[in-house]
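Peer 1: Build me a model from this:
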Amino acid sequence: MRPFRSEFIRIWRPAFYYGGYGVMVFFAALVSVFIYTAAKSGATPPPGKGVGFATVGQIASPGGFLTALSTLSGPAGVVLLAVWAMAVATDYSTGLIRTLVQAYPHRMKLLAGKIAALGTFSLLATTITFLVVVFLARPLARLEGIKVDAWTTDFASHALKGYFDFTVALMVWGLFGLMLAVLTRSAALAIGIGIGYLLVVESLIAIVAPDAKKYLPGGTLTTLVSGGTPGLSWGASLGLVVAYGVIAIVVSLLVFRTRDIVA
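Peer 2: Modelled structure (predicted):
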């Protein structure tokens, strides 16, 4: 409890909640506006339209009020990856980690407290971002003349499932930031490697081996928020995402426990 309280107090400062919550809310509004204004009639996206595009039919279907989440999960995930990486790596760059370990030598509990604090912070962030998407959906649909009568069909179940998928995916983005920060001890390196791999390297891999992309971390995170695809079911994507998250936690704990900490 003490490590959690200590970490959460240090995380709960303007640089984090403005930089985290504020940016995620901005992306939620921006992506929502883009999705609804770019929607066109038709069953499938027209030629030239890629990831992030949605048709009027898709938006007007049951659960269509969550259409923006799959596109939003990428930029929102990058924000949380950066927040987690900065929260961890800053302790190394300032030398605070050495003081913390000396004052509280139980390293596993110390890192577990940080994970719990960052997880709580991220849960609040994903909840606020999710609510922004939901609240903007109806006015944007009306503005674009999209009928949303079907949204009342199983509204609660669609909302709960969408919230669960979105939250799990973004938590794993944060855990990637944690793992990279523990490995590199540098916020810049952790953020650069994380964004470079998930947003650039995986795209290059997809060019060479298109079928492999859906099994890679970035691909499975997007697939989970999308509710599954014909090539990868929702259940399979959830299993892969959870596995990636567990790997990130285990690697972080092992490295933090065994590596020497110097000033």
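Peer 1: So for the helix or strand hosting residue 254, mean pLDDT?
Peer 2: Residue 254 is part of helix 234-258, with elements assigned from DSSP states H and E. On average, the pLDDT along helix 234-258 is 93.
Peer 1: change the start of the numbering to 8 and stick with it
Peer 2: With 8 as the first residue, the last one maps to helix 241-265.
Peer 1: Return the distance of it from the chain's centre.
Peer 2: 14 Å (CA atoms, centre = their mean, to the nearest Å).
Peer 1: Going by contacts, tell me the helices and strands next to it.
Peer 2: Identification of packing neighbours for helix 241-265 by 3 or more CB pairs under 8 Å, 6 or more residues apart in numbering; DSSP states H and E yields helix 114-150, helix 162-191, helix 224-233. All C-beta spots, glycine's among them, are computed from the backbone N, C-alpha and C.
Peer 1: Would you format those as CSV with mean pLDDT, distance to residue 210 and mean neighbour count included?
Peer 2: Rendered in CSV, the data for those read as follows (pLDDT from 0 to 100; distance: least, CB to CB, whole Å; neighbours: other CB atoms under 10 Å):
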stretch, mean pLDDT, distance to residue 210, mean neighbour count
helix 114-150, 91, 24, 19
helix 162-191, 94, 17, 21
helix 224-233, 89, 9, 24
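Peer 1: Nearest spatial neighbour of residue 131, chain-adjacent residues omitted?
Peer 2: Using CB to CB, 6 or more residues apart in numbering and skipping the chain neighbours, the partner closest in space to residue 131 is residue 28 (7.5 Å).
Peer 1: which SS state does that neighbour fall under?
Peer 2: Counting by DSSP: H, G, I helix; E, B strand; the rest coil, the backbone at residue 28 sits in helix.
Peer 1: burial of it, as a residue count?
Peer 2: Applying other CB atoms under 10 Å, we find 17 other residues in the vicinity of residue 28.
Peer 1: So what touches the helix or strand residue 41 falls within?
Peer 2: In this structure, residue 41 sits in helix 30-45 according to DSSP H and E. The contact list for helix 30-45 (CB atoms under 8 Å, 6 or more residues apart in numbering) reads 56, 59-61, 66, 74-75, 78-79, 82-83, 86-87, 132, 135-136, 139-140, 143-144, 147-148, 150-151, 153.
Peer 1: What average pLDDT does it get?
Peer 2: The average pLDDT within helix 30-45 is 91.
Peer 1: returning to that earlier point: unless I'm mixing things up, the residue nearest to residue 131 is touching residue 130, no?
Peer 2: No - at 11.8 Å, residue 28 and residue 130 do not qualify as touching, with contact defined as CB atoms under 8 Å.
Peer 1: In contact with residue 180: list those residues for me.
Peer 2: The contact partners of residue 180, taken as CB under 8 Å, 6+ apart, are 83, 84, 85, 87, 88, 228.
Peer 1: about what we covered before: which positions within the helix holding residue 41 qualify as buried?
Peer 2: Of the residues in helix 30-45, those scored as buried under the neighbour-count criterion (16 or more other CB atoms under 10 Å) are 30, 31, 32, 34, 35, 36, 38, 39, 41, 42, 43.
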